[in-house]
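1. For reference, the sequence and a predicted model appear below.
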Amino acid sequence: MRLFFTTMCALILGSIFWDVGLKRDSTQNSFVVMAALYASVLFLGASNASSVQPVFSIERSIPRYHMQQLRV
């Protein structure tokens, strides 16, 4: 599921910023390219982290349950 989501986000962001990378004639345009890369990496990282978080919280609660049963 994450691979599909990442591919779809790459296609959407790639279509938005298609010709922006070719226009590097000024400093402002270079900053636009860097901001687009930063925003896309931040968005994909946050979305992938939020999809992993429920799995991690369930796996973390299992040892706690066993410790309570053993009264340690």
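-> Right, received. Where do you want to start? Numbering: from 1, shown residues only.
2. now Leu42: how far from Leu22?
-> Per Cβ to Cβ, to the nearest Å, Leu42 is found 23 Å from Leu22. Where C-beta positions appear, they are placed from N, C-alpha and C, glycine not excepted.
3. do Met34 as well
-> For Met34, the distance to Leu22 - Cβ to Cβ - is 15 Å.
4. got it, and Phe5?
-> 27 Å.
5. out of those two, which sits in the busier spot?
-> Neighbour totals were compared for Phe5 and Leu22, and Phe5 leads with 13 against 9 (other Cβ atoms under 10 Å).
6. ok, that one touching Ser47?
-> Yes - applying Cβ atoms under 8 Å, one finds Phe5 in contact with Ser47, separated by 6.7 Å.
7. Any chance of the backbone angles for the residue lying closest to Lys23 once chain neighbours are set aside?
-> Nearest non-adjacent residue to Lys23, counting by Cβ to Cβ, 6 or more residues apart in numbering: Asn29, 4.9 Å away. When read as degrees, to the nearest 10, the backbone of Asn29 gives phi -70, psi -30.
8. Asn29: neighbour count?
-> Neighbours around Asn29, by other Cβ under 10 Å: 14.
9. change the start of the numbering to 7 and stick with it
-> Got it, the first residue is 7 from now on, which makes the last one we talked about Asn35.
10. Could you check the pLDDT of it?
-> In this model, Asn35 is scored at 83, pLDDT.
11. Then Ala55?
-> 77.
12. And Phe62, by the same measure?
-> 64.
13. Quick check: Phe10 vs Ile22, distance?
-> For Phe10 relative to Ile22 (Cβ to Cβ), the value is 19 Å.
14. repeat for Val38
-> Counting by Cβ to Cβ, the gap from Val38 to Ile22 is 12 Å.
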